[in-house]
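>>> heads up, no residue letters with this:
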């Protein structure tokens, strides 16, 4: 893990206009670890949280349940520092490559939110 914090990203008007928000004004944002390339989590962003994330170099999402912005790690300590940011070919999904600090990204305390596999369960 590097000592570098998040990287502010300058997105131009054309790039921001390419992002397609749904009828609720939201777009899915996938978060991937810069070192392991593991997918850590998926959350939603609105136009404001996307702009703030790019400006601050930290992931900031829109909480659908609380109806408010939340910056990952402010209460949990599980901070995400943006290294790269992408939008897909249709503009309807975002991808953030982050440096994950703390124990993990999942609210359960796990490294990744994607720890439940389909198929037969195995005992470790």
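It's in. Note that the structure is a prediction, hence the values are computed from the model and not measured.
>>> The residue nearest to the spatial centre of the chain: which element?
The centroid of the chain falls nearest to residue 31 when counting by C-alpha atoms, centre = their mean (3.9 Å). Taking DSSP states H and E as the criterion, residue 31 maps to strand 27-33.
>>> Buried by neighbour count: which residues of that strand qualify?
Neighbour counts over strand 27-33 (16 or more other C-beta atoms under 10 Å) mark 27, 29-33 as buried. Backbone N, C-alpha and C define where each C-beta goes, glycine included.
>>> Could you pull out the buried residues of the helix or strand following that strand?
Once the chain leaves strand 27-33, the next helix or strand it forms, by DSSP H and E, is strand 39-45. Buried residues in strand 39-45, counted by 16+ other C-beta under 10 Å: 40-41, 43-45.
>>> Could you do stretch 104-115 as well?
In stretch 104-115, counting by 16+ other C-beta under 10 Å, buried: 104-106, 111-113.
>>> List the contacts of the residue nearest to the centre of the chain.
By C-beta atoms under 8 Å, 6 or more residues apart in numbering, the contact list for residue 31 reads 39-43, 59, 80, 96, 98, 105.
>>> Closest one of the residues you listed to residue 66?
The closest of those to residue 66 turns out to be residue 43 (C-beta to C-beta; 12.2 Å).
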